[in-house]
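>>> Sequence and predicted structure, then a few things I'm wondering about:
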Amino acid sequence: MTAFRQPGLADLVATLDVERVDDEHFVATQLDNPHHHIVGGHIAGQALMAASRTAPDRVPHSMHVYYVRAGDARRPVDLHVDVARDGGTLSTRQVTARQDGEILLEVLSSFSAEVDAPEYQQPLPEVPEPDSLPPVQDQLADYADELDGYWVQPHPFEQRYIDPHPRAALELGESSPRIRLWWKPAQAVPADAALHSALLTYLSGTKMVETAVAMRRGTPASAFNALIDHALWFQRPVDLSDWVLSDQFSPSGVAGRGLATSTMYNRAGQLVCVATQELYFGRGKGRERR
């Protein structure tokens, strides 16, 4: 088995900065991997970036993604943004991603101007501070020799788990549907609100799967899975110069699918995002078509 190598943060940021061809057409370079599969959270983040560029001075507040088919990560993807509506407060965009004329995903995203209104939220859970927790590479040091160093390789995001990582949980014989972790980019990133939302989209697309996989007594490296759909509600702009808490939970798994949700807070305790996704695990073992 060829282990998946995580992209560098600089490559991730560069490919999220999609190339604008004209007002509504963008081209998105992909990040290749051993299976040449386009990463769902990555292309969703690229779609959000493209839509954001057509809604200047407004910030994303929601995004709904349907993943239609897998693409080839060795080649770029065309993104077409349809300006569905610009209202006094809200702007709606539809993004279609195509490769060789075939639709890979469809996105509806909405952007908002600033609104002065009362606010409320559920409080930040009582959790340890990120600085009191070891990096994930230290937490998984016992498995450093597995899968060509997969568990301890460099990652575009620093991660500090409060609950056991799925690999550690497998060893401990645990299968909790809840995983909480602190995360932030491994290095400083440009102060671009759309980019920060796109990086959060990427992170949610790649980390929330862990809750559903853990309930199936597996790990992200051992179980075939594919994103079917993905929804995010950005409650306020996320500042990735500091840690973000992701409180992840898998409430259900049925008919070869797994449901996962994440509630994310900034270090100050403000709710920044709620995300939900559904994954397809297939009928049995091996890599399957949806």
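Sure, I can see it. This one's a predicted model, so the numbers in the text were calculated from it and none came from an experiment. Residues are numbered from 1 along each chain as shown.

>>> Next, the contact list for the residue of the chain most remote from its centre, please.
Largest separation from the mean C-alpha position in the chain: residue 88, at 29.7 Å (C-alpha atoms, centre = their mean). Residues near residue 88 by C-beta atoms under 8 Å, 6 or more residues apart in numbering: residue 113. C-beta: built from backbone N, CA, C; applies to glycine.

>>> Does it belong to a helix, a strand or coil?
coil (DSSP: H, G, I helix; E, B strand; the rest coil).

>>> got it, and residue 151?
helix.

>>> so it touches residue 139, yeah?
No. If you go by C-beta atoms under 8 Å, residue 151 and residue 139 don't touch, sitting 9.1 Å apart.

>>> since we're on residue 69, how many residues are nearby?
Look at residue 69: counted by other C-beta atoms under 10 Å, it has 13 neighbours.

>>> end to end, how far does stretch 213-225 reach?
9 Å (C-alpha to C-alpha, to the nearest Å).

>>> ignore the last one, stretch 33-46
Span of stretch 33-46 from end to end, C-alpha to C-alpha: 17 Å.

>>> Which neighbouring elements make contact with the helix or strand harbouring residue 210?
According to DSSP states H and E, residue 210 maps onto helix 209-215. For helix 209-215, the packing partners by 3 or more C-beta pairs under 8 Å, 6 or more residues apart in numbering; DSSP states H and E come out as helix 166-172, strand 178-185, strand 244-254, strand 257-266, strand 271-280.

>>> rank these by mean pLDDT and give me the bottom one.
Mean pLDDT per stretch puts helix 166-172 lowest among the helices and strands packed on helix 209-215, at a mean of 83.

>>> Going by residue numbers, what spans are helices in the stretch 51-200 of the chain?
136-139, 166-172, 193-207 (DSSP state H, counting those that start in this stretch).

>>> Could you dump the ones you listed into a markdown table and include mean neighbour count and distance to residue 72?
Converted to a markdown table, these look like this (neighbours: other C-beta atoms under 10 Å; distance: least, C-beta to C-beta, whole Å):
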| stretch | mean neighbour count | distance to residue 72 |
| --- | --- | --- |
| helix 136-139 | 17 | 30 |
| helix 166-172 | 18 | 28 |
| helix 193-207 | 24 | 18 |
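
>>> returning to that earlier point: export the helices and strands packed on helix 209-215 to a markdown table and append columns for distance to residue 62.
Output for the helices and strands packed on helix 209-215, formatted as a markdown table (distance: least, C-beta to C-beta, whole Å):
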| stretch | distance to residue 62 |
| --- | --- |
| helix 166-172 | 29 |
| strand 178-185 | 21 |
| strand 244-254 | 18 |
| strand 257-266 | 14 |
| strand 271-280 | 10 |
